[in-house]
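>>> predicted model and sequence below, questions to follow.
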Amino acid sequence: MKKKITFEEGMQELEGLVRALESGQMTLEESFSAYERAIALRDGLNALLDESDKRIRLLTESGEQAFEPEEET
């Protein structure tokens with residue numbers, strides 16, 4: 001089971017990966033792995049932002065209705 005990370009944790013990890021990739025000190029295989037992880041983080045963070053956007057829109061348009069987050073696929 002995957003541990004769900006917060007937006008802040010994801011951003012911190014993503015920034016670390018970018019710094020490591022930019023340093024040029026990684027092997028080619030390490031760079032590929034870091035890039036793959038960065039893409040996965042980017043996608044996950046975008047999903048969190050989309051969910052937050054939906055929640056904000058729901059709260060501002062309809063008052064404080066209950067919000068059910070979408071299931072991850």
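Sure, I can see it.
>>> in this protein, where is pLDDT below threshold?
Along the chain, the parts satisfying pLDDT under 70 run over 1-2, 62-68, 71-73.
>>> does residue 48 sit in a helix, a strand or a coil?
Secondary structure of residue 48, reduced to three states by DSSP: H, G, I helix; E, B strand; the rest coil: helix.
>>> that one: neighbour count?
Neighbours of residue 48 under the rule other Cβ atoms under 10 Å: 17. (C-beta placed from N, C-alpha, C; glycine too.)
>>> which residues touch residue 5?
Taking Cβ atoms under 8 Å, 6 or more residues apart in numbering as the criterion, residue 5 is in contact with 13, 44.
>>> give me phi/psi at it?
Here is the backbone geometry of residue 5 (degrees, to the nearest 10): phi -100, psi 160.
>>> centroid-nearest residue for the chain?
In the chain, the residue lying closest to the centroid (Cα atoms, centre = their mean) is residue 45, at 2.0 Å.
>>> run through the neighbouring helices and strands of the helix or strand encompassing that one.
Taking DSSP states H and E as the criterion, residue 45 maps to helix 28-62. If you count contacts as 3 or more Cβ pairs under 8 Å, 6 or more residues apart in numbering; DSSP states H and E, helix 28-62 packs onto helix 7-23.
>>> by contact count, what packs against the helix it packs on?
Partner elements for helix 7-23 (3+ Cβ pairs under 8 Å, 6+ apart): helix 28-62.
>>> isn't residue 70 right up against residue 51?
Yes - Residue 70 lies in contact with residue 51 (Cβ atoms under 8 Å); the separation is 6.9 Å.
>>> looking at those two now, which is surrounded by more residues?
Between residue 70 and residue 51, residue 51 has the larger neighbour count (other Cβ under 10 Å), namely 13 against 9.
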